[in-house]
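> Attaching a predicted model along with its sequence, questions to come.
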Amino acid sequence: MIHFIIHSICKLALFKQLRNEGCTMTELHVWQNVDNYFSDKLLPDNSCLTAALLANKAAGIPEIDVSPTQGRFLYLLTKLKGAVNVLEIGTLGGYSSICLAQALSKEGKVVTLEINEDYASVARKNIRHAGLEEKIEIIVGPALDTLPDLKKRGQFFDVIFIDADKPNNPKYLKWAVRLANSGAVIIADNVVRNGAVTDINSMDERVKGVQQFIDLLKEEPRIEATAIQTVGVKGYDGFVLAIVN
């Protein structure tokens, strides 16, 4: 039942997204069916995440959370890394924050940055419902204002998840490198932009932000990185995975 609710929420969000994209209904159904298959087979029921999606929808928060399988990927990557400290840039309603926090050991903590107080308020309730208020700290304000405070606090991170306003991705990457422990993993979502990332003439500030972000990854000597294209209940996109040496 929980997976059915999640599938329904993601399906409605994807229909809205694909109205402005070139994906066919056949592609959409294939992607959805495969995502749903893997979710049903591999993802355990997680009432906290289901409740978060429902609360976010009720609050009118944009339905741009990571998908359930992507959330599980974040969880597994964080667990594989053995992360103690996680930084998330872009909280939204706290869905991915919960995924990250559930992967941590007892002493682990997530610091998540959100510019919108209304979204942060919903996220706090979702995090409290998940019993993770001691493991997740939400900092409200523009991330470029709050990231320097983390540096002043002497906080460094093992996993950094970038999923906020794309025009500022290059600046977020610079801060991620400054705040990264040696061997830290950086994940950046939504880097394919339905293929638009290859359009060198794009006037879309989000696309240009991602392109500049990719150029910085190439130029940064401390970073080893790759990018993976994805399809699924969230449509066609992709993410960057990087390690800071």
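Cool, the structure landed. Numbering: from 1, shown residues only.
> Over to Thr146. Which of the three states is it?
Under DSSP: H, G, I helix; E, B strand; the rest coil, Thr146 falls in the helix class.
> Not counting sequence-adjacent ones, nearest residue to it?
Nearest residue to Thr146, sequence neighbours excluded (CB to CB, 6 or more residues apart in numbering): Ile139, at 5.0 Å. For glycine as for every other residue, the C-beta is placed from the backbone atoms N, C-alpha and C.
> next one: Ala180
Nearest to Ala180 is Val244, by CB to CB, 6+ apart, at 4.1 Å.
> Tell me what the one you found is bridged to.
Ala184, Ile223 (DSSP bridges).
> Show me what the helix or strand encompassing Asn33 is packed against.
Per DSSP states H and E, Asn33 falls inside helix 25-42. On a contact count with 3 or more CB pairs under 8 Å, 6 or more residues apart in numbering; DSSP states H and E, helix 25-42 meets helix 2-18, helix 68-81, strand 223-232.
> Which one of these has the poorest average confidence?
With a mean of 50, helix 2-18 has the lowest mean pLDDT of these.
> For stretch 236-245, what does the pLDDT average out to?
97.
> Can I get it as CSV, trimmed to CA atoms?
The C-alpha trace of stretch 236-245 is given here as CSV (Å, rounded to 0.1, in the frame of the first residue of the first chain):
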residue,chain,number,x,y,z
TYR,A,236,14.9,12.0,-18.0
ASP,A,237,17.7,13.5,-16.0
GLY,A,238,20.9,12.5,-14.3
PHE,A,239,23.4,13.1,-11.5
VAL,A,240,27.1,13.8,-10.9
LEU,A,241,29.1,11.6,-8.6
ALA,A,242,32.5,12.9,-7.5
ILE,A,243,35.2,12.1,-4.9
VAL,A,244,37.3,14.9,-3.3
ASN,A,245,40.9,13.6,-2.9
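> Show me which parts of it are buried, residue by residue.
236-240, 242-244 (16 or more other CB atoms under 10 Å).
> Quick check: which ranges of this structure have low pLDDT?
1-25 (pLDDT under 70).
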